[in-house]
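Q: Pasting the sequence and the predicted model now:
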Amino acid sequence: MRFFAQLSVLLSFALLWCSVSASSAHQVNRRHGKRLDADLAVRAPGDVDMYKRDYANSRLTYYAVGLGACGTVNQPSDFIVALNSAQFGSGSYCYQMITITCNGLTAQAQITDECPGCPYAGLDLSQGLFQFFAPLGDGVIYGSWSFGSSPAPAPSPTSTWQPPPAPTTTWQPPSPSTTWTPPPPPSTTP
């Protein structure tokens, strides 16, 4: 009887070892989640931030223009901006055009300066550009802007139908200036 008990324990260990061995062998060959670098898409080098569509709720202030960080002298009436230092970097955006929308108005401006005190996405506007959107007394306004110049947005449609305008004159046929009479018929007598 003792022999059968030992044989039973030995067979149990053998079966247990075989099942664990088969399970771990299966795990070694699994490759879920592993990819080669050639399988992955690679982003093109460069500043992809430029292609971001819109910087919404950006802080817009104004400043006294002059010689800008891009190397040109500007006038207060010029539609130019100073880009915040975080985005200005080494000046790679100098002379790029941007489109600014604020208070329902849209304008294009050129980046010609750097604004060290502006937060990320913030702009310093020339006095003339700021006055296009709001009085200088406001000091700080909020709007959105994006790189590139784009056409102004189309006006929003009205919600009610409006009839066409009434005509200013009424057409009348012209009155005849002469009366036409037919020629007399040819005579039949010889």
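A: It's in. Numbering: from 1, shown residues only.
Q: Assign Phe132 to helix, strand or coil.
A: The assignment at Phe132 comes out as helix when based on DSSP: H, G, I helix; E, B strand; the rest coil.
Q: Setting aside sequence neighbours, what's the nearest residue to it?
A: Ala107 (5.6 Å; C-beta to C-beta, 6 or more residues apart in numbering). Quick note: C-beta positions are derived from backbone N, CA and C, even for glycine.
Q: ok so the one you found is a strand residue?
A: Yes: the assignment for Ala107 (three-state DSSP) places it in a strand.
Q: Report how many residues lie close to it.
A: Ala107: 18 surrounding residues under other C-beta atoms under 10 Å.
Q: Quick one: residues contacting it.
A: 79, 99-100, 129, 132-133 (C-beta atoms under 8 Å, 6 or more residues apart in numbering).
Q: can you tell me which of these lies nearest to Gly148?
A: For the contacts of Ala107, the closest approach to Gly148 (C-beta to C-beta) belongs to Thr99, at 6.6 Å.
Q: can I assume that closest one is in contact with Ile111?
A: No: the criterion here is C-beta atoms under 8 Å, and Thr99 misses it with Ile111 at 11.9 Å.
Q: what about the two, which has more around it?
A: Set Thr99 next to Ile111 and count neighbours by other C-beta under 10 Å: Ile111 wins out with 24 against 19.
Q: Pull out the buried positions in the helix or strand where the more buried one lies.
A: Here Ile111 sits within strand 105-115, counting by DSSP states H and E. The neighbour-count check on strand 105-115 (16 or more other C-beta atoms under 10 Å) flags 106-107, 109-115 as buried.
Q: Dump these to a markdown table, plus pLDDT and distance to Ala86.
A: Formatted as a markdown table, these follow (pLDDT from 0 to 100; distance: C-beta to C-beta, whole Å):
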| residue | pLDDT | distance to Ala86 |
| --- | --- | --- |
| Thr106 | 93 | 24 |
| Ala107 | 93 | 23 |
| Ala109 | 94 | 19 |
| Gln110 | 94 | 19 |
| Ile111 | 93 | 14 |
| Thr112 | 94 | 18 |
| Asp113 | 94 | 15 |
| Glu114 | 93 | 10 |
| Cys115 | 92 | 10 |
